[in-house]
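Colleague: coordinates only, sequence not included:
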């Protein structure tokens, strides 16, 4: 068991981390390249930077975008926050970075980390149930829409049991191995799945604004091209 733990926490972890970082850098580069290409071709280059920043911020904390499906939107928001904050700010993880590389940063109090972990687990189950129950979501859902939230829950459940040994009905080392291995697999999956949008999200609003930013007279020019001048909209 110790050999497997050493492999999972050592070579496999660093390989997965490097794969994730390089994959995200590649996606970031492609996104910036496409953004620059769209900007060069844009008819109106007067980009409203302030509005783009405000819209990006409003989607990062999307209270005004919740709408009628606010329980689902709130669950998604909580899920995203926990998936990002717990791996980065859990005190045990920060200590591992300090011991391994000599770098560290402020960590969340254990009670906050535990609460966020429980919320992520509950949110993962709720998202799967919502997709399975809601007809519209079920019609559009793919296998990954069901399997990915459940798989994300695995390192959170196993990490919770490692963090609270009195809650753990299993032996510590196998639980820790499940935690580390599932986390390694998730690192590999980040640049290959929807998980990447959690990290690259701030760029999406910019790309959307660039793609839909038309010159002021674009409507009349489209109407002229279609031979619809003077017709009511």
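Modeller: Here it is on my side, so go on. Quick caveat: nothing in here was measured; it's all calculated off a predicted structure. Numbering: from 1, shown residues only.
Colleague: what comes up buried for the biggest helix by length in the chain?
Modeller: Secondary structure of the chain per DSSP state H: the longest helix is helix 11-41. By neighbour count with 16 or more other CB atoms under 10 Å, helix 11-41 contains the buried residues 12-13, 16, 19-20, 23-24, 27, 35, 38. Glycine gets a C-beta too; all of them are placed from N, C-alpha and C.
Colleague: Please apply the same query to stretch 112-126.
Modeller: Result for stretch 112-126 [16+ other CB under 10 Å]: buried residues 113-114, 116-117, 119-121, 123-124, 126.
Colleague: Check stretch 158-173 too.
Modeller: For stretch 158-173, by 16+ other CB under 10 Å, it's 158-163.
Colleague: Give me the most central residue, this structure.
Modeller: For the chain, residue 198 is the residue whose C-alpha lies nearest the centre (CA atoms, centre = their mean; 2.3 Å).
Colleague: That one touches residue 81, doesn't it?
Modeller: No: taking contacts as CB atoms under 8 Å, residue 198 lies outside contact range of residue 81: 9.6 Å.
Colleague: Lowest average confidence across helices and strands of this protein, where is it?
Modeller: Scoring the helices and strands of the chain by mean pLDDT, DSSP states H and E places helix 218-226 at the bottom, with a mean of 55.
Colleague: Stretch 157-174 spans what distance, first to last residue?
Modeller: Chord length of stretch 157-174, first to last residue, is 13 Å (CA to CA, to the nearest Å).
Colleague: In contact with the nearest residue to residue 179 once chain neighbours are set aside, which residues?
Modeller: In this structure, residue 179 finds its nearest non-sequential neighbour in residue 158, 3.7 Å apart by CB to CB, 6 or more residues apart in numbering. Contact analysis of residue 158 by CB atoms under 8 Å, 6 or more residues apart in numbering lists 175-176, 178-179, 182.
Colleague: where does this structure have low pLDDT?
Modeller: Within the chain, the ranges that satisfy pLDDT under 70 run 41-49, 52-53, 55-70, 135-141, 201-233.
Colleague: which stretches of it form helices?
Modeller: Going by DSSP H, the chain shows helices at 2-9, 11-41, 49-60, 70-89, 91-101, 110-133, 135-140, 143-163, 172-189, 196-211, 218-226.
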